[in-house]
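Colleague: Quick one, structure for this:
(4 chains)
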2 protein chains.
Amino acid sequence: MGIEERKLREREEKRDLILKTAMQLFIEKGINNVSIRGIAEKIEYSPATIYLYFKDKGEILHELHTQGFEKLFSLQRTLDYIKDPLEKLNQMGRLYIKFALENPDHYDLMFIAKGVAEKIFEKQEWDVGNRSFQYLRDNIKDCIEQGYIVDADIDSATFAAWSLVHGMAALIIRGRCVMLPGEFVDHVVQGGLKFFINSMTIKKQQLK
Amino acid sequence: MGIEERKLREREEKRDLILKTAMQLFIEKGINNVSIRGIAEKIEYSPATIYLYFKDKGEILHELHTQGFEKLFSLQRTLDYIKDPLEKLNQMGRLYIKFALENPDHYDLMFIAKGVAEKIFEKQEWDVGNRSFQYLRDNIKDCIEQGYIVDADIDSATFAAWSLVHGMAALIIRGRCVMLPGEFVDHVVQGGLKFFINSMTIKKQQLK
DNA sequence: TATAGAAAATAAACAAGGTTTAGTAATTAA
DNA sequence: TTAATTACTAAACCTTGTTTATTTTCTATA
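Modeller: Below you'll find the predicted structure:
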């Protein structure tokens, strides 16, 4: 009997529609200006219907947050081919910042927004995030093993690298650089990244 | 006639009371769980009264944000005595993180929260923030001039340093490190900071 | 095909919050 | 004492997230 399957599929499709619509509205109007009612209106259903597909608003945010991590990880995997761990680190940094600034709403949900972290903890679901973290960590490990980085344990160096790019992204996304002209921000982001990585590169060259 | 002065003073005192109460509630219950009504109840006035002293909720947040910057800057000034710019950079980093983690609500308002940045832009008030940024920038400048940092323009290096510590603080404050044990977080924060600064130190020693 | 039961959707309401309005109480200057 | 100013508040408006009770739609079965 295909009816049950069709129903299941329709249910899945409606769930996706809600998520897609929510994300679209987030991008259009900013996460803060999107309500359950707004989403419901857009898909032409009553607000209560949303609650047949999601426990609460937080679950919608959490789902989109997870989608964001999928996207980020699949982007990271496009760097698999890079052999030199230092060059890879460099590209990862650029890619991370690019992802964050091109998908500020996704990034916000993933790494900044409140009400999402609680869900993550509640559900004990940090695998999607960990995957990306590990990808970076593995590369840092390679950097250390190949002598690009010295005097640091893997986790501290990884956390520092992550913090650097997150800090840049978060400051920009949350409007803490609005006083600066856009081109200048671009410049210090790229320059800051280079500076951070160079602090290791040169060392290797010197150490060699 | 002292009546007018008294009234002015009383007005100021009430404003301060509202701010103090708001901050107290933020710390107690989390910024998200504090309402104008809640503040009003705590000080035993009607909610409408709040609006005689502040244009809207955002203005309260903005005021507390400014107070936070005052506090941070006065902390930075306690490092005035340090001569060596590298040691000073190190201490500034530790102090920054310490401030952020000991005053997460203030820090949140200053550097993360939404609805505050808009006010900053609206009021064109980034002097308080700039002061602290300049303090860091001046020190980075000294670092460059004394050869601790090479191959970087001042602004890029300053932005990188700021981003690093902000990134650490923001990730922790917004619960993106909850999956890690607390001592481990402490360890990578301190280790990450050292790692970042060492990336320059060693170079200087090598360059000397 | 008619109908009981399940599934899907909704209308209406609740509670909480930010904010405004219109009016009351308190204070001050004349 | 009174008119005017100032300080305050009750009550309402509007927007949210969420729940409950009810209605509509669908599906399997007699």
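Colleague: all contacts plus neighbour counts: C-alpha atoms, from now on.
Modeller: Will do.
Colleague: Now do the contacts for the residue nearest the centre of chain A.
Modeller: Nearest to the mean C-alpha position of chain A, by Cα atoms, centre = their mean, lies A:Y107 at 4.4 Å. Contacts for A:Y107 were tallied using Cα atoms under 8 Å, 6 or more residues apart in numbering or on different chains; they are A:H65, A:G68, A:F99, A:A100.
Colleague: For the second one, give me the pLDDT.
Modeller: With respect to pLDDT, A:G68 has a value of 97.
Colleague: I'd say it and A:D105 touch.
Modeller: No. Counting by Cα atoms under 8 Å, A:G68 sits too far from A:D105 to count as a contact (9.3 Å).
Colleague: circling back to that earlier point, out of the contacts of A:Y107, list just those in helices.
Modeller: A:H65, A:G68, A:F99, A:A100 (DSSP state H).
Colleague: Farthest pair within these?
Modeller: Farthest-apart pair in the ones in helices among the contacts of A:Y107 is A:H65 and A:F99; separation 13.7 Å (Cα to Cα).
Colleague: The two: which is more packed in?
Modeller: Taking other Cα atoms under 10 Å in any protein chain shown, A:H65 and A:F99 do not tie; A:H65 has more neighbours (25 against 18).
Colleague: just checking, A:D105 touches A:K29?
Modeller: No. With contact defined as Cα under 8 Å, A:D105 and A:K29 do not form a contacting pair (10.3 Å).
Colleague: Between those two, which has more neighbouring residues?
Modeller: Each of A:D105 and A:K29 has its neighbours counted (other Cα under 10 Å); A:D105 has more, 23 against 11.
Colleague: Spatially nearest residue to the more buried one (excluding sequence neighbours)?
Modeller: Counting by Cα to Cα, 6 or more residues apart in numbering or on different chains, A:D105 lies nearest to A:I27, which is 6.3 Å off, once chain neighbours are set aside.
Colleague: so who does A:L136 touch?
Modeller: Contact analysis of A:L136 by Cα under 8 Å, 6+ apart lists A:L89, A:M92, A:T158.
Colleague: Distance from the helix or strand encompassing it to the middle of the chain?
Modeller: Secondary structure from DSSP states H and E places A:L136 in helix A:127-145. Relative to its parent chain, helix A:127-145 has a centroid offset of 15 Å by Cα atoms, centre = their mean, to the nearest Å.
Colleague: Same list (the contacts of A:Y107) but as CSV, adding distance to A:N130.
Modeller: Formatted as CSV, the contacts of A:Y107 follow (distance: Cα to Cα, whole Å):
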residue, distance to A:N130
A:H65, 13
A:G68, 13
A:F99, 17
A:A100, 17
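Colleague: Just put these in a markdown table and tack on distance to DNA strand D.
Modeller: Below are the contacts of A:Y107 laid out as a markdown table (distance: Cα to the nearest atom of the strand, whole Å):
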| residue | distance to DNA strand D |
| --- | --- |
| A:H65 | 16 |
| A:G68 | 20 |
| A:F99 | 26 |
| A:A100 | 24 |
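Colleague: can you list contacts of the lowest-mean-pLDDT helix or strand in chain A?
Modeller: Of all helical and strand segments in chain A, the minimum by mean pLDDT, DSSP states H and E falls on helix A:117-123, at a mean of 73. With contact meaning Cα under 8 Å, 6+ apart, helix A:117-123 is reached by A:G58, A:E59, A:H62, A:W126, B:R174, B:G175, B:R176, B:V178, B:M179.
Colleague: now the strands for chain A?
Modeller: Using DSSP state E, no strands are assigned anywhere in chain A.
Colleague: Near DNA strand C, which residues of it? Just list them.
Modeller: Contact residues, chain A versus DNA strand C (Cα under 7 Å from any atom of the strand): A:K7, A:L8, A:R11, A:E44, A:Y45, A:S46, A:P47, A:A48, A:T49, A:L52.
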